[in-house]
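In: Following is a predicted model, sequence given first.
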Amino acid sequence: MIIRKIDSIRESDRTVDTPNWSSSRLLLKKDNMGFSFHETLVRAGTETKIWYKNHLEAVYCIEGIGEIEDLETGLKHQIVPGVMYALDKHERHILRGKTNMRMICVFNPPCIGTETHDKEGAYPLLEVENS
């Protein structure tokens, strides 16, 4: 059984912080669950182009207001608490934080913990280093 508290994760190497978002990764590849599980804060007033070409992602909003725009269709969807979206076809999209948004995210394949978006907006497939 794995038990972790978000407050201890936020102050550890399991949190990746960027100008647009901060992602606290509660479960990683090395936890052997087959997915990774993150709490992500999307900052108010930000716009992030994303293309998870190597991962599937499901996201559930628990706080804040924002918008996701599908760059292939041009459709925009409001994100508010209680809304889930799943990028089941590796959709290129823009995520906009109108207020600070707190999101719960699941990635498959799982992240190792250090990923940030590359120039295409993707997370690279990384391997866990031997420790």
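Out: That came through fine. Numbers count the residues shown, from 1 in each chain.
In: give me every residue that touches the residue nearest the centre of the chain.
Out: Closest to where the C-alpha atoms of the chain average out (C-alpha atoms, centre = their mean) is C105, at 5.2 Å. When the contact criterion is C-beta atoms under 8 Å, 6 or more residues apart in numbering, the partners of C105 are S23, F37, H38, E39, T40, E57, A58, V59, Y60. Yep, even glycine has a C-beta here, placed from its N, CA and C like the rest.
In: how close does the nearest residue to the second one once chain neighbours are set aside sit to R92?
Out: Translated: F37. The shortest distance from F37 to any residue other than its chain neighbours is 4.0 Å, reached at L27 (C-beta to C-beta, 6 or more residues apart in numbering). Taken as C-beta to C-beta, to the nearest Å, the spacing of L27 relative to R92 amounts to 26 Å.
In: neighbour count winner among those two?
Out: For the pair L27 and R92, the greater number of neighbours falls to L27 (21 against 18), based on other C-beta atoms under 10 Å.
In: from what I can see that one touches M33, true?
Out: Yes: here L27 lies in contact with M33, judged by C-beta atoms under 8 Å, at a distance of 5.3 Å.
In: tell me, what's touching those two both at once?
Out: Contact criterion C-beta under 8 Å, 6+ apart; residues bridging L27 and M33 by contacting each: I2, P110.
In: The residue nearest to F37: what's it in contact with?
Out: Contact criterion C-beta under 8 Å, 6+ apart gives I2, R4, M33, F35, S36, F37, P110 as the residues in contact with L27.
In: which one of these has the most neighbours?
Out: Counting neighbours by other C-beta under 10 Å, the one among these with the most is S36, which has 26 neighbours.
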